[in-house]
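Asker: need a structure here:
(4 chains)
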There are 2 protein chains.
Amino acid sequence: MSTPASAPKANIRQVATLAGVSHMTVSRVINDHPSIAPATRERVLEVMRELNYRPNSAARALASRTTRRLGVIVDSVVEYGPGSTLRALEDAAHDAGYTISSIALDRAMTPHDAVESLAAIGLDALCLITPRVDSIDLLREGSSGLPTLVVTPEPEPDMFTVSVDQRGGAELAMRHLTDLGHRDILHVAGPVDWLDARAREEVWREHLTALGVTPRPVVVGDWTSDSGYAAGLALPDDVTAVFAANDPMALGIIHALTERGVRVPDDVSVIGFDDVPDARHFLPPLTTVRQDFRALGRLSVETLLAELEGAAVPHRALIAPELIVRGSTGRVRSRGPEPS
Amino acid sequence: MSTPASAPKANIRQVATLAGVSHMTVSRVINDHPSIAPATRERVLEVMRELNYRPNSAARALASRTTRRLGVIVDSVVEYGPGSTLRALEDAAHDAGYTISSIALDRAMTPHDAVESLAAIGLDALCLITPRVDSIDLLREGSSGLPTLVVTPEPEPDMFTVSVDQRGGAELAMRHLTDLGHRDILHVAGPVDWLDARAREEVWREHLTALGVTPRPVVVGDWTSDSGYAAGLALPDDVTAVFAANDPMALGIIHALTERGVRVPDDVSVIGFDDVPDARHFLPPLTTVRQDFRALGRLSVETLLAELEGAAVPHRALIAPELIVRGSTGRVRSRGPEPS
DNA sequence: AGCCAATGTGTTACCGGTAACATGCCGAGA
DNA sequence: TCTCGGCATGTTACCGGTAACACATTGGCT
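Answerer: Below is the predicted model:
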């Protein structure tokens, strides 16, 4: 065994004694204080290694009033977007020497409770990943006085916000479809209380209107492939393309259409949003808009830490999405004999 | 605003003074000590409410040498299984008043580093979610003296382990296929260093052997739908069923077969493993084996906390998987004119 | 030479809790 | 009535660090 069994944890004063310095000098070595003689530093480091010394983070937190911990409140972790963003945040935070404590809003957990329960464990800053309309207000209300960043599609004048450019992404999707000649484009939207869903829907509407086409009524889904399936079953015959607000719904739509004998993309083109890992193997492989959640997570941590250090940071930052063209979209074609 | 701006954090002694008791009494109220007069408790609670008092967790951790924090090391969070397990763990831990700090093993992070970096922040116990063969040894080596639980398909005599019953799940899949009359069953396995993958493969082999069928060589994938796709392209013509070690690979296989003009399930049956949320809308909807990762997470936390409290807990616990029959499997049928 | 700033280190107090032991009070049993 | 044990509470020390300030030494500049 390399580790001596049950190493009796050493503390800063024991290190100090063995190194022949005061405990304060050891503390300075730990914190990379500039004015430490190189020889002293070496000696202390040596002793620390010998004793297998690890600073006690609770003690540091208590004395310094800073925990090096970020709290994250995530609405709907189970969804691909929020979940991926959280993972990316965790990685980025870890790289910066910070710890993440996250709490999901899913269940019987109100934003207020979430802030409470996170604040209880001690936080340096707060990050809210929430695509919901009202969450920001709820956050404001439960405000904890902590530096805060919100990952949300809508800019908020008085807060730091970051997001993937939802409108830009929706533009990409709509332009792709209209470039292929489609005009009769149905939108299967996400839940009405999701800002991402709203942004995508607005762009769809605006884009069509600008083309002189009257948009049909949106179909509202709930992000699940099930809801996409339902929308697919109910798809009017004269629609030539569907812009689904996410990939699972696109999958469900394709499933339903296929069952109905409607071919994708020959009869109807379908485009998704997200680019989930499996999208390339859907049948047909899904054309979609990729969101770079890793970049989003990194950006969030950067922004938050900069804010903590008092640096001037932009109140709003955006990540650019990317169009991924695959097999579920094609040029518009007449659909054979229309019924009735 | 309901919260007074920048509430000056109260500490235990201020509460004590205002309540006319010693700070120790307040501490006892916080910790639900039995011998506190009801009247006193009420008075203290009242003052705590007034001051909006929150115990400082760093101070508690320092004084009590217990952090109420669990460390989790996750290998391959990006995979559905480990990722879901982690989420479930977080929820269960939160419900028990514990905090989770997790670290992903994915990148340039060795198990040793992971233990180090988790131990550095202070932990009550450690949980390792790792499907890899060698990780347990690595953990043993980097052992931190902490109570430890491993989520792994293989029991380890000297450690606490929990898992979804992999062999049982694979049995379910194989029995389903053979009940439908299939004998020529190909297995598309996960990476060789994954214990889950091994267990599924072994059962596949044993099951066929017991039936007097010589198993063909396994095809080894890497869990991704891409690798499934590759396997599907190379699928021998006389195979009538494929047991894919997870759902994304099953998806890729179906994609490839469909491209080749092979119909699923008419020509070839495909069964997956996991039951990812979208599996029911794959084309055709996927027959698969569901793993209840939420139950697994809950079980893990329960076990770990029981261990912490010194309770006697079984060294090995299993969650039962469930067969989900959908449209990607059917009775065996001759495949029409065989080429050559 | 004398002064001052920078450098390197030490002393002391304090962060906000919990542990361990001490104390006063009260009721039950001898 | 006295004693003893349990209840309710208080006192003191300590957990392992950091902050703030003090102090000694050194070297450059006037």
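
Asker: what about the closest residue to DNA strand D within the stretch 101-250 of chain A, distance to residue B:252?
Answerer: For the stretch 101-250 of chain A and DNA strand D, the shortest gap (CB to the nearest atom of the strand) falls at residue A:124, measuring 13.0 Å. The way it works is simple: take the backbone N, C-alpha and C, and place the C-beta from them, glycine included. From residue A:124 across to residue B:252, the span is 43 Å (CB to CB, to the nearest Å).

Asker: now do the contacts for residue A:149.
Answerer: A:125, A:126, A:127, A:128, A:159, A:160, A:161, A:162, A:300, A:303, A:304, A:307 (CB atoms under 8 Å, 6 or more residues apart in numbering or on different chains).

Asker: of these, which one scores lowest on pLDDT?
Answerer: Ranked by pLDDT, these bottom out at residue A:159, which has 85.

Asker: once you drop chain neighbours, what's closest to that residue?
Answerer: residue A:150 (5.6 Å; CB to CB, 6 or more residues apart in numbering or on different chains).

Asker: secondary structure element holding residue A:47?
Answerer: helix A:38-51 (DSSP states H and E).

Asker: got the contact list for the worst-scoring helix or strand of chain A on mean pLDDT?
Answerer: Scoring the helices and strands of chain A by mean pLDDT, DSSP states H and E places helix A:135-141 at the bottom, with a mean of 71. Here helix A:135-141 makes contact (CB under 8 Å, 6+ apart) with A:73, A:75, A:105, A:110-112, A:115, A:128, A:130, A:148, A:150, A:152, A:156, A:159, B:1-2.

Asker: send the alpha carbons of that helix over as PDB?
Answerer: These are the backbone C-alpha positions of helix A:135-141, laid out as PDB (Å, rounded to 0.1, in the frame of the first residue of the first chain):
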ATOM      1  CA  SER A 135     -38.300  31.900 -12.800                       C
ATOM      2  CA  ILE A 136     -36.300  35.100 -13.000                       C
ATOM      3  CA  ASP A 137     -38.900  37.100 -11.100                       C
ATOM      4  CA  LEU A 138     -38.900  34.300  -8.500                       C
ATOM      5  CA  LEU A 139     -35.200  34.500  -8.300                       C
ATOM      6  CA  ARG A 140     -35.300  38.300  -7.800                       C
ATOM      7  CA  GLU A 141     -37.700  37.900  -5.000                       C
END
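
Asker: show me where chain A dips below the pLDDT cut-off.
Answerer: Within chain A, the ranges that satisfy pLDDT under 70 run A:1-8, A:106-107, A:138, A:141-143, A:334-340.

Asker: state the phi and psi torsions of the nearest residue to residue A:166 once chain neighbours are set aside.
Answerer: Counting by CB to CB, 6+ apart, the nearest residue to residue A:166 once its immediate chain neighbours are dropped is residue A:199, at 3.8 Å. The phi/psi pair for residue A:199 (degrees, to the nearest 10) reads phi -60, psi -50.

Asker: mind listing what residue A:199 touches?
Answerer: A:153, A:154, A:166, A:167, A:170.

Asker: check residue A:305 too.
Answerer: Here residue A:305 is in contact with A:96, A:98 (CB under 8 Å, 6+ apart).

Asker: now residue A:70
Answerer: Residue A:70 touches A:89, A:93, A:98-101, A:123-127, A:301, A:304, counting by CB under 8 Å, 6+ apart.

Asker: what does the stretch 1-150 of chain A have sitting close to DNA strand D?
Answerer: Residues of the stretch 1-150 of chain A that fall close to DNA strand D, judged by CB under 7 Å from any atom of the strand: A:9, A:11-13, A:23-24, A:27, A:30-31, A:53-56, A:59-60, A:62-64.

Asker: thinking again about what came up before, verify the contact between the residue of the stretch 101-250 of chain A closest to DNA strand D and residue A:308 for me.
Answerer: Yes - between residue A:124 and residue A:308 there is a contact under CB atoms under 8 Å: 6.1 Å.

Asker: what's the overlap in contacts for the two?
Answerer: Joint contacts of residue A:124 and residue A:308 (CB under 8 Å, 6+ apart) are residue A:147.

Asker: what about the strands in the stretch 51-200 of chain A?
Answerer: With strands called from DSSP state E, counting those that start in this stretch, the stretch 51-200 of chain A shows them at A:69-74, A:99-104, A:125-129, A:148-151, A:160-164, A:185-189.

Asker: need these in CSV (columns: distance to residue A:140).
Answerer: Listed next are these as CSV, based on distance: least, CB to CB, whole Å:
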stretch, distance to residue A:140
strand A:69-74, 13
strand A:99-104, 18
strand A:125-129, 10
strand A:148-151, 9
strand A:160-164, 13
strand A:185-189, 26
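
Asker: stretch A:302-321: which residues count as buried?
Answerer: A:302, A:303, A:304, A:305, A:307, A:308, A:313, A:317, A:318, A:319, A:321 (16 or more other CB atoms under 10 Å in any protein chain shown).

Asker: backbone dihedrals for the residue nearest to residue A:157 when sequence neighbours are not counted, please?
Answerer: Nearest non-adjacent residue to residue A:157, counting by CB to CB, 6+ apart: residue A:315, 7.6 Å away. Taking degrees, to the nearest 10, you get phi -80, psi -10 for the backbone angles of residue A:315.

Asker: compute the distance between residue A:315 and residue A:156, please.
Answerer: 8 Å.
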